[in-house]
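> Sequence plus the predicted model coming up.
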2 protein chains.
Amino acid sequence: MKDNQPILEVDRIIHEPARLLIVTILSMAEKADFLFLLNETGLTRGNLSTHLSKLEAAGYVNIEKSFRGKIPQTLCSLTPAGQEAFEKYRKQINQFLKRT
Amino acid sequence: MKDNQPILEVDRIIHEPARLLIVTILSMAEKADFLFLLNETGLTRGNLSTHLSKLEAAGYVNIEKSFRGKIPQTLCSLTPAGQEAFEKYRKQINQFLKRT
DNA sequence: AAAACAAGTTTGTATTACAAACCGGTTTGC
DNA sequence: GCAAACCGGTTTGTAATACAAACTTGTTTT
């Protein structure tokens, strides 16, 4: 068989709940550091790290590393592509769920 | 580490796009057969089959097998638990996405 | 100087979604 | 009347991935 056409095609990168959370926060905060995201999301550090990496690899978030005194700091922000993808996702899901 | 509390906790059974599609269709049609779902969703038979099994195992859909003449027929419908879970999911996602 | 801590990253594992192969029966072609 | 194609699915094999736990690199504390 090879009858394969996707119907409800949604961006899996954003669809994942943990990342949806992260992206939503970033869409409001416009630049947040690792520890802030850690608190807000309730994720473990490990999972936050990997989800951020995945978002970065997708080109959806920008990650800049710096130092706050002697302590490393990771700042994250949505890229334009990320904002766009998020908006698109929201529209899709809203529209899909609207038609009761 | 063991600081683990889930924040955006969404029903993964329903969250999966293919199953969200199936459940949405069932919520409107109230009893649909395999071939109908196959057309509506655009899934392959194999994937439709496994997703239905998963929904059945979760107690969200009821599957009855019968014959239409000599041809087997699989009828699917949402259980009350399935309807409830779907409604809950919709509310959660809508509410989450609402707060821009 | 050793032990605890901070801020992340990497690794190991179990779950999964999807495609492809399979299967039992039925119809069609010859 | 029998082989080949078709129907309506189910099972299997595999690659991706989400999460927890272990590790790392550097910094305070004691």
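That came through, no problem.
> if I read this right, residue A:17 contacts residue B:16, doesn't it?
No. The criterion here is CB atoms under 8 Å, and residue A:17 misses it with residue B:16 at 11.5 Å. Yep, even glycine has a C-beta here, placed from its N, CA and C like the rest.
> who touches the residue minimising distance to the centre of chain A in this structure?
Centroid-nearest residue in chain A, with CA atoms, centre = their mean: residue A:23, separated by 3.4 Å. Taking CB atoms under 8 Å, 6 or more residues apart in numbering or on different chains as the criterion, residue A:23 is in contact with A:14, A:55, A:60-61, A:78, A:82, A:86.
> Which positions in the strand or helix carrying residue A:49 come out as buried?
Taking DSSP states H and E as the criterion, residue A:49 maps to helix A:45-57. Neighbour counts over helix A:45-57 (16 or more other CB atoms under 10 Å in any protein chain shown) mark A:48, A:51-52, A:54-55 as buried.
> which of the residues you listed are close to DNA strand D?
A:51, A:54 (CB under 7 Å from any atom of the strand).
> show me where chain A has helices.
A:12-15, A:17-29, A:34-41, A:45-57, A:80-98 (DSSP state H).
> Could you export those helices as a markdown table, including mean pLDDT?
As requested, the helices of chain A are exported to a markdown table (pLDDT from 0 to 100):
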| stretch | mean pLDDT |
| --- | --- |
| helix A:12-15 | 97 |
| helix A:17-29 | 96 |
| helix A:34-41 | 96 |
| helix A:45-57 | 97 |
| helix A:80-98 | 95 |
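> Mean neighbour count, those helices: which tops it?
Among those, helix A:17-29 has the highest mean neighbour count (mean count of other CB atoms under 10 Å in any protein chain shown), at a mean of 19.
> Next, the angle from that one to helix A:80-98.
110 degrees (axes from the mean of the first three to the mean of the last three CA atoms, to 10 degrees).
> can I get the CA coordinates of helix A:17-29 in CSV?
The C-alpha coordinates for helix A:17-29 follow below in CSV (Å, rounded to 0.1, in the frame of the first residue of the first chain):
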residue,chain,number,x,y,z
PRO,A,17,3.1,19.8,25.1
ALA,A,18,6.4,20.6,26.8
ARG,A,19,7.5,22.6,23.8
LEU,A,20,4.1,24.2,23.3
LEU,A,21,4.5,25.5,26.9
ILE,A,22,8.0,26.8,26.3
VAL,A,23,7.0,28.5,23.0
THR,A,24,3.9,30.1,24.6
ILE,A,25,6.0,31.5,27.4
LEU,A,26,8.6,32.8,25.0
SER,A,27,5.9,34.4,22.8
MET,A,28,4.9,36.4,25.8
ALA,A,29,8.1,37.1,27.5
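> chain center to that helix, what's the gap?
5 Å (CA atoms, centre = their mean, to the nearest Å).
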